[in-house]
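K.L.:
Coordinates for the following, if possible.
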Amino acid sequence: MGRNLEIVRGRIARAAARAGRNADSITLVGASKSQPLTAIAAAARAGLADFGESYVQEALGKLAALGEPAHRDLPPLRWHFIGRMQANKTRPVAEHFSWVHAVDRLKIAERLSAQRPYHSPPLNVCIEVNLGAEIDKGGAAAAEVEALAASIATLPRLKLRGLMCLPPEEPDETAQRRWFAELRRLFERLNAQGAGLDTLSMGMTGDLEAAVLEGATVVRVGTGIFGPRPPPRRPDTIAP
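P.N.:
Take a look at the predicted model:
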């Protein structure tokens, strides 16, 4: 696990150097959905602090297990919900996560805000943008993002941090960069209007270099850290 993390961090560092950026400005989130608890604990012991989950019930079981005495040596971990969101699953996400990366409609944002505990800090959220208009993926259309961002910014228990995308797969870095550049331009346009965003959540194992070159501040890496993903054990928690 430590070697895999070293390889991924090296890739991030080299891409950041190409872009004239500081690699420390880029957060590595381990996409740990469907991974066993042992793999998450090993990654945490190797220095990874941020983990992304997509299946609510599976994630809650992991959070509970990692709080048991057997794992008391682990450092504090930050949990990111990176999957598609069902309206009937918002409460546990609002209660247990620090970040939600895939908000794509106002109803979900309103429920997360209403259900965020008052003793917790505001929940950090990103708007997911469906850049390729792919029917099998979530995300708001680019044309809808400005209005959605303005509405989310008014919700008291949320902090709108930025944008997220899962673009179409492309065969090379040049093609990958075009999608990430599109999200960056949307991000810059919102900030020119005073949105105050600071997060571009984009890039995974196969395209993280292209994402970093176009300004990613968060990359979500699963296979590069954990190896091939086992089949999901809790498909009931995946949104239709």
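K.L.:
For the chain, which segments count as helices?
P.N.:
All helices of the chain, identified by DSSP state H, fall at 2-19, 37-45, 56-66, 90-96, 106-115, 142-152, 173-192, 208-213, 223-226.
K.L.:
quick one, which of those helices is nearest to Asp136?
P.N.:
Comparing the helices of the chain against Asp136 with CB to CB, the closest turns out to be helix 173-192 (16.1 Å). From N, CA and C alone the C-beta is placed, and that goes for glycine too.
K.L.:
Could you pull out the buried residues of that closest one?
P.N.:
Taking 16 or more other CB atoms under 10 Å as the neighbour-count basis, helix 173-192 is seen to contain the buried residues Gln176, Arg177, Trp179, Phe180, Glu182, Leu183, Arg184, Leu186, Phe187, Leu190.
K.L.:
So of those, which two are at opposite extremes in space?
P.N.:
That would be Gln176 and Leu190, which, of the buried residues of helix 173-192, are the farthest apart (CB to CB) at 22.1 Å.
K.L.:
what about this structure, any weak spots by pLDDT?
P.N.:
By pLDDT under 70, the low-scoring segments of the chain are 231-240.
K.L.:
residue farthest from the centroid of it?
P.N.:
Distance from the C-alpha centroid of the chain, by CA atoms, centre = their mean, peaks at Pro69 (28.1 Å).
K.L.:
can you tell me how far Ala19 sits from Gly215?
P.N.:
8 Å (CB to CB, to the nearest Å).
K.L.:
One more: Asn130?
P.N.:
Plainly put, Asn130 is 19 Å away from Gly215 if you go by CB to CB.
K.L.:
Look at Ala19 and Gly215 and report which has more neighbours.
P.N.:
Comparing Ala19 with Gly215 by other CB atoms under 10 Å, the one with more neighbours is Gly215, at 19 against 16.
K.L.:
who's in contact with the nearest residue to the more buried one once chain neighbours are set aside?
P.N.:
Ranked by CB to CB, 6 or more residues apart in numbering and with sequence neighbours excluded, the top spatial neighbour of Gly215 is Arg184, at 4.8 Å. Shown in contact with Arg184 (CB atoms under 8 Å, 6 or more residues apart in numbering): Leu200, Glu214, Gly215.
K.L.:
JSON lines for the residues you listed, including distance to Glu170?
P.N.:
Formatted as JSON lines, the contacts of Arg184 follow (distance: CB to CB, whole Å):
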{"residue": "Leu200", "distance to Glu170": "18"}
{"residue": "Glu214", "distance to Glu170": "13"}
{"residue": "Gly215", "distance to Glu170": "17"}
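K.L.:
Can you tell me which of the residues you listed lies closest to Val221?
P.N.:
Val221 lies nearest to Leu200 out of the contacts of Arg184, by CB to CB, at 15.2 Å.
K.L.:
gap between that closest one and Cys165?
P.N.:
For Leu200, the distance to Cys165 equals 9 Å [CB to CB].
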